[in-house]
Structure formats: C-alpha cells, structure tokens
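[1] Turn this into a model:
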Amino acid sequence: MSPTESTTTPQTGEDTQQPAETGAHESTQATDQDTNYLAETSADSAHDHEHDHTHDHGPTLNPECTRQVDVEVPAEEVSRAFATVVKQYRRAARIPGFRAGKVPESVIRRKFADQIQQDVLEQILPPQFRAAIEKQGVQPVSQPQVTSMHLADGEPMRFQATFEVLPTIDVTGYDQVKVDRPNTTLDDAEFEAELAHVRESHAIMEPVEEDRPLVDGDFAQIRFTGLVHTGEGSAEGDTAKPIEGDDATVEIGEPNTVEAFTDALRGAKVGQQMQFEVSYPEDFTEKRLAGKSVAYDVEVKGIRKKILPELDDAFAKQMGEYETLDVFKEKLREHMANDKRRRLESDAKDTLIGSFVERFQFPVPESLLQQQIDARLDRGLRALAAQGMTTEQMRNLDFTRLRTAQRESAMNELCGSLILDRIAAIENIEVADEEMESQLQLLAYQAREPIEILRKRLTEDGGLTRIREQLRREKTVNQLFERLAA
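    Just a heads-up that it's a prediction; the model follows:
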C-alpha cells in the first residue's frame, strides 16, 4: 500500500466535511461539470407537462456518507427560464413556411420540447443545487444523483438530489502509534552477493572442446524426448504428446536443476545417449508434470562452460564511467545501501499506515472507493499490456470478479490516504511551490516533454492538484515516520 497511489483528493475536518485546502480532484468537487451532469441525468424527467417520479442514476451510495437536498424554485423563475430559452429558439430556428425569427411560440414549444426542457434544466438546476449545498455547508465528493423531479412551465420546479460527502475522521492518538525502525545497514555478505550477481550477468558461454565428461558447473546441451506417465504408472502416450526438445540447456549441479537430470548427466560425454525416469513432485511449477513420472531418452550434443570476467579495472570501465574497480565497488555499495534503506523504510511506512487504518475506523464514500478500484485495475491492465497481453485478451477478463478482488486493497489504500490528509490538515503540512516545481522538472525529464507543455496539460486535466496531494501525503508520512519509528 502506498500513500501516493490513491485517486482521492478530498480533505476532511473534525466537525464538517471540507474539501482539501489545496483543491480537490475534479470528480470529488461540486463543480460546474458535476452540476451540469446532474442536469443531464435529470433530462428524462423534464417534459412540457406536469411530471413527478423518482429516478435511479449512478452507483449505489454508502448510506452513512449520503446527504440529500430538496430544492424548490419559484414558478416565476421557472417561467422566466422557459421564456428566455424559447426566445433563443425563435431567433435561431429555421422552419419551412416561416420567416426567420417569426416562428410562432407554440410551434417552437411543440417542435423543440425536449431540447427546451434540457436547456431550462441546465439553466436552473446547477446554480440552485450549488446554493442548496452551500446553505447546508456540505461538499459533495460524488456526482449528485437526482432522485425526483417536477418541472412544468408556470409551476414551481422541485427536485431532490443525493450525493456522498466525506465522513468526520477522528485520528485522536495518531501521534502515539509506533512502528519499528528497520536496520538498513548494508552488510558485506549482501554486497559480495550482489557483486557476484553482477559478475555472473556479464559472463560468457564457451564450448568445451576437450574430450571430457560433464562436471558440476557445466552446461549440457541436450536433445530429449519424454513420455509422460500417470501416477499409477500407465503411459499417457495415446492421449498426451511426448515432451520434446532439440537444443535444451541443463546446468549440472545447479540447485534449480531437477536432481534426476544432474545425476543422469553428470559424467556423461558428448554423443552419449541415456534413458532415465524422473518423478515430479505434486507442487512442481510446471502443472502438466506435477505429480507425474516421465521416461526420458536423452542425447548429449555438447558441453559449454561459463567464463566469468575478471574483477579488474577493465571490468569496471565496462560497467560505466568508472576509472577503477575500487570506484565501481564504492558506487555499487552506495547504490545498494540507498536502495535497501528506501525499500525497508517504505515497508515500515506502509506498516505505519496500516496501523492507522486498523486503528481509525470510519465509513467510506462508495463513489471514492469505486474510483480507487478503477485506479488499481488501470495499473493492473497497464502492467498486463506491458507483458504482452492484447486488447482482445483483456476484453475476455472477468471484470466483475477482478473488481471484487480489488475491493479490500482499494479500501485500505483509500482509508490510508484520507487519514494522511486529515493528519496533514492537523499539522498544517503543505507542499511548497519549490517542491512542486522540482517534481514537475523530474516528470518532464522522464516524459521527455518541455516543462511548460507538461504544466499546461496537467493544469487542464487536474493533474497538478493530484500531484500536489500525492506530495503532501508523502511529506506527511515521512514526517510521521521520523517521529514515530523506534
């Protein structure tokens, strides 16, 4: 769980539901876009005759976080809105048989009834909704949903809208929560293991020309055929294709090599053929072989050995701009130490946030939870795409099951972010403009995009607000960790 991954942006106060002081995500404010959406979703309830019924739009809301406003607009204001809209249509309408601007009002009202109703809604409903929530002193964090509507020219307009707000989040005692400070010291064994790994990754493979048997550490190049048997010993040859390989490589004595292969191949020479049987355990990673026995026919085609590079100044220069091996080792140790510190401290911070989530319980707006699930699914799909999954394959995924599986993790992430936002408000933690500028410069560098173009794009899509909030949460958890880790 990371405090910076949440898609939520609101900030809660102790006594009232307030938006984040630095601004809220575009989907969690009662913006013009949201109230226009409210008017659009109410359009099916607007007709040129008296109309009363309820509507059900959008996701199910959490009753503990749901608020409602009941609004009535005077008949005079409704009539003025209708008159204004009809006048606009009369000026713009082009109807055969009538001169421009001279179409009778009755014709306009009949021909453009639905459009007129929608325009009246968009003119009246958004400002009336904003005024109603301001009067109640609440800030929606979800798209408002119209649950009932009455609209008719010359009569009062009445509508009812429901929406979610942030709960009051009581974090009393947060500064008493403790977390173990990890030992981030890099020891010599860890360094030597990584140095060996780096050396291994730059090894080259050479064929063995001398006439000698395979020994531990050699790589056998083999051709093989395997006949799978069931656990009872009967052959599956009639129902399962044989396992075949023409140029497989087996490292003799390597811990991950099946022991039966090492035992059979150790001591063999090039050109030698052999038969042996391998019994695979029930938990073998390749499912088709788990719990099965396979009779193998194997021929040794060649022997190769690994040649490790010498650890010298030439090797250091091969690794980058390092003049000597000592300089390379120093930089490698420094990098490993920093990486270990970041990794262990990140885990400890996640533990701290997890303790907050477990300790401070509160209802969560369903709309924000669904946004968080969306964000997690989006990250997962991007990862699958990077691994080669096609769009068509993604369409075949069971998204209902995936959303259900993500719910608990999304809930923990969301609660962690809301708690950090509350603590940041208590401690007056803010992100300085200089910190934002540094982050934008980093993002511009990573995206290979001019910073002003990046800034313009993020300003338009609300990204700047989200980045500031992510930085604020990071800053909050960093300060808390320094104080509370022991």
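[2] which residues of the stretch 201-350 of the chain fall in helices?
    259-265, 313-319, 325-359 (DSSP state H, counting those that start in this stretch).
[3] Which among those is found nearest to Leu369?
    The closest of the helices of the stretch 201-350 of the chain to Leu369 is helix 325-359. By CB to CB, the value is 13.5 Å. Bear in mind the C-beta positions are built from the backbone N, C-alpha and C, glycine included.
[4] What residues sit buried inside whatever helix or strand comes next after that closest one?
    Moving toward the C-terminus from helix 325-359, the next helix or strand (DSSP states H and E) is helix 366-386. Using 16 or more other CB atoms under 10 Å as the test for burial, helix 366-386 gives 366-373, 375-377, 381.
[5] Which elements pack onto helix 366-386?
    Contact analysis of helix 366-386 by 3 or more CB pairs under 8 Å, 6 or more residues apart in numbering; DSSP states H and E lists strand 157-164, helix 391-395, helix 399-426 as its packing neighbours.
[6] which residues sit against the shortest one?
    With CB atoms under 8 Å, 6 or more residues apart in numbering as the contact definition, helix 391-395 has outside contacts at 381, 384-385.
[7] Most tightly packed of the helices and strands packed on helix 366-386?
    Burial of the helices and strands packed on helix 366-386 is given as mean neighbour count (mean count of other CB atoms under 10 Å); strand 157-164 ranks first at a mean of 23.
[8] pLDDT on that strand, on average?
    Throughout strand 157-164, pLDDT has a mean value of 95.
[9] domains for the chain, by residue range?
    Domain segmentation of the chain under automatic domain parsing yields 26-164, 204-307, 323-484.
[10] Any chance of those in TSV with distance to Ala314 as columns?
    Shown next, in TSV, are those (distance: least, CB to CB, whole Å):
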stretch	distance to Ala314
domain 26-164	56
domain 204-307	14
domain 323-484	9
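[11] Please export the C-alpha coordinates of the helix or strand hosting Glu469 as CSV.
    Using DSSP H and E, Glu469 maps to helix 463-484. Provided in CSV are the C-alpha atoms of helix 463-484 (Å, rounded to 0.1, in the frame of the first residue of the first chain):
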residue,chain,number,x,y,z
GLY,A,463,-3.1,16.6,-12.7
LEU,A,464,-1.4,19.4,-10.8
THR,A,465,-3.8,19.1,-7.9
ARG,A,466,-3.3,15.4,-7.8
ILE,A,467,0.5,15.7,-7.8
ARG,A,468,0.4,18.3,-5.0
GLU,A,469,-1.8,16.0,-2.9
GLN,A,470,0.5,13.0,-3.6
LEU,A,471,3.5,15.0,-2.5
ARG,A,472,1.6,16.2,0.6
ARG,A,473,0.8,12.6,1.7
GLU,A,474,4.4,11.6,1.1
LYS,A,475,5.6,14.5,3.1
THR,A,476,3.2,13.7,5.9
VAL,A,477,4.1,10.0,6.2
ASN,A,478,7.8,10.9,6.0
GLN,A,479,7.5,13.3,8.9
LEU,A,480,5.4,10.8,10.9
PHE,A,481,7.9,8.1,10.3
GLU,A,482,10.8,10.1,11.6
ARG,A,483,8.8,10.9,14.8
LEU,A,484,7.1,7.6,15.5
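[12] mind listing what's buried in it?
    Those would be 463-477, 480-481, 484, for helix 463-484 by 16+ other CB under 10 Å.
[13] Compute the inter-axis angle for that helix and helix 399-426.
    Using axes from the mean of the first three to the mean of the last three CA atoms, to 10 degrees, the direction of helix 463-484 lies 70 degrees away from that of helix 399-426.
[14] Now helix 463-484: average pLDDT?
    95.
[15] picking that back up, out of the buried residues of helix 366-386, which one sits closest to Gln221?
    Gln221 lies nearest to Leu381 out of these, by CB to CB, at 39.7 Å.
[16] quick one on the thing from earlier: His197: which of the domains of the chain is closest?
    Nearest to His197 among these is domain 323-484; the distance by CB to CB comes to 10.6 Å.
[17] mind checking how far that closest one is from the chain centre?
    9 Å (CA atoms, centre = their mean, to the nearest Å).
[18] if we can go back for a sec, lowest-confidence stretch among the helices and strands packed on helix 366-386?
    Lowest mean pLDDT of these: helix 391-395, a mean of 91.
[19] In CSV, could you pull the C-alpha coordinates for that one?
    Extracted C-alpha coordinates of helix 391-395, given in CSV (Å, rounded to 0.1, in the frame of the first residue of the first chain):
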residue,chain,number,x,y,z
THR,A,391,-6.7,-5.6,-26.0
GLU,A,392,-8.8,-8.6,-27.2
GLN,A,393,-7.5,-10.8,-24.4
MET,A,394,-8.3,-8.0,-21.9
ARG,A,395,-11.9,-7.9,-23.1
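[20] Return the residues in contact with the nearest residue to Leu352 once chain neighbours are set aside.
    Nearest non-adjacent residue to Leu352, counting by CB to CB, 6 or more residues apart in numbering: Val179, 4.4 Å away. The contact partners of Val179, taken as CB under 8 Å, 6+ apart, are 348-349, 351-352, 355, 481, 484-486.
[21] ok, and the most crowded of those residues?
    Counting neighbours by other CB atoms under 10 Å, Leu352 comes out on top of the contacts of Val179 with 22 neighbours.
[22] thought that one was touching Ala486?
    No. The criterion here is CB atoms under 8 Å, and Leu352 misses it with Ala486 at 11.3 Å.
[23] how far does stretch 213-225 sit from the chain's center?
    The answer for stretch 213-225 is 45 Å, by CA atoms, centre = their mean.
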